[in-house]
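> Pasting the sequence and the predicted coordinates here, then a few questions.
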Amino acid sequence: MGQVTHDQANLLLRLYELRREPRLREARAWFTGNFDAKTLEEMNKKYPPGSEGNVNLRMTISYWEMAASLVNRGLIDDELFFENSGEAWFVWERLREVVPAMRATSKNPQAWGQLEALVKRMEGWQERRAPGHTAAMRQRLNPERTATATK
């Protein structure tokens with residue numbers, strides 16, 4: 001377990017305050033309950049620019065990209081963040097199939113890279129603590145995708 005400073009704890013609490021902002025809370029709730037796209041084309045069709053879904057999508061992923069960048073720079077201890085921020089994993093899990101096309105289209109190979117890097121470390125941390133947890137969560141969230149991948 002890392003040595004957590006008061007500044008790190010305060011920054012984590014500040015991130016939680018931001019999560020409680022009503023509009024961001026609404027966007028995150030929408031994302032959790034509604035976002036489902038396996039391709040960029042499907043995402044653009046379901047949540048076109050200017051739509052409420054697109055706004056919610058952008059708010060949610062930009063929040064988590066920002067939070068991830070703070071952790072990735074060492075401003076918040078990994079373990080402290082991982083113990084308290086499982087939603088970051090969920091957001092990435094929903095996006096991970098679409099991100100390569102998003103990167104190619106925008107010609108930005110770093111797009112959403114902070115969140116991706118954070119989640120890779122989070123999965124390693126989780127597997128050391130609870131082997132099989134990540135696969136079980138992936139199966140629970142995406143039973144149809146997991147079944148197809150194992151055939």
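Noted; the coordinates are in hand. Worth saying up front: this structure is predicted, and the values here are computed from it rather than measured.
> From the contact counts, what lies against the helix or strand containing Met122?
Per DSSP states H and E, Met122 falls inside helix 113-129. Under the contact definition 3 or more Cβ pairs under 8 Å, 6 or more residues apart in numbering; DSSP states H and E, helix 113-129 sits against helix 52-72, helix 78-84, helix 87-95, helix 133-141. Backbone N, C-alpha and C define where each C-beta goes, glycine included.
> looking at those helices, which is closest to Glu116?
Smallest distance to Glu116 across the helices and strands packed on helix 113-129 (Cβ to Cβ): 6.5 Å, for helix 87-95.
> Can you name the next helix or strand after that closest one?
Taking DSSP H and E, what comes next after helix 87-95 is helix 99-106.
> and the angle from that next one to helix 52-72?
Inter-element angle recorded for helix 99-106 and helix 52-72: 100 degrees (by axes from the mean of the first three to the mean of the last three Cα atoms, to 10 degrees).
> For helix 99-106, which outside residues touch it?
Contact with helix 99-106 is made by 39-40, 109-112, 116, as judged by Cβ atoms under 8 Å, 6 or more residues apart in numbering.
> Among these, name the buried ones.
40, 111-112, 116 (16 or more other Cβ atoms under 10 Å).
> show me what contacts Glu42?
For Glu42, the contact set (Cβ under 8 Å, 6+ apart) is empty.
> swap in Glu17?
Going by Cβ under 8 Å, 6+ apart, the list of residues near Glu17 is empty.
> element containing Arg25?
Counting by DSSP H and E, the element that carries Arg25 is helix 22-34.
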